[in-house]
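sequence? don't have it. structure:
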């Protein structure tokens, strides 16, 4: 697969994620895919289990993609994942094999106030929705 095709597949995946279309959302994963959540020390094996873990998630989720970058078999998506309207700044690292995701790692970060020690160095920007 070329980069344009993978980018389109990623866009379809994130659009389906935002629309809660669980079937389309998980088409991108190989049957034997692995999903890691390092912050909670969880690893999920298999597309079916990845999908089920998201099916049982009780919160209303919204996805706002900020950017997707990558080439070949390694792609990174930076997005805001809002659970019931509360934003979490998220990075997804996806490794592809034969055009499908074989391994994904997701990192989450909550918003925080800037440190006063660097206030004179920064420009405050609107938080992404």
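Received, thanks. Predicted model, so just to flag it, every value in this text is computed and none were measured.

if you drop the residues flanking it in sequence, what lies closest to the spatially most central residue of the chain?
The chain has residue 92 as the residue nearest its centroid, 4.1 Å off, counting by Cα atoms, centre = their mean. Distances taken as Cβ to Cβ, 6 or more residues apart in numbering place residue 77 nearest to residue 92, at 4.6 Å, with adjacent residues excluded. (C-beta placed from N, C-alpha, C; glycine too.)

one step back: could I get the contacting residues of the residue nearest to the centre of the chain?
76-77, 79, 104-106 (Cβ atoms under 8 Å, 6 or more residues apart in numbering).

ok, and for whichever strand or helix holds residue 9, which residues are buried?
Using DSSP states H and E, the element containing residue 9 is helix 3-18. Neighbour-count burial for helix 3-18 flags 6-7, 9-10, 13-14, 16-18 (criterion: 16 or more other Cβ atoms under 10 Å).

same question, stretch 101-112
In stretch 101-112, counting by 16+ other Cβ under 10 Å, buried: 101, 103-106.

before we move on, the earlier item: which residues does the helix holding residue 9 contact?
Contacts of helix 3-18 (Cβ under 8 Å, 6+ apart): 1, 22-25, 27-28, 61-65, 68, 70-72, 75, 77, 79, 94, 96, 99.
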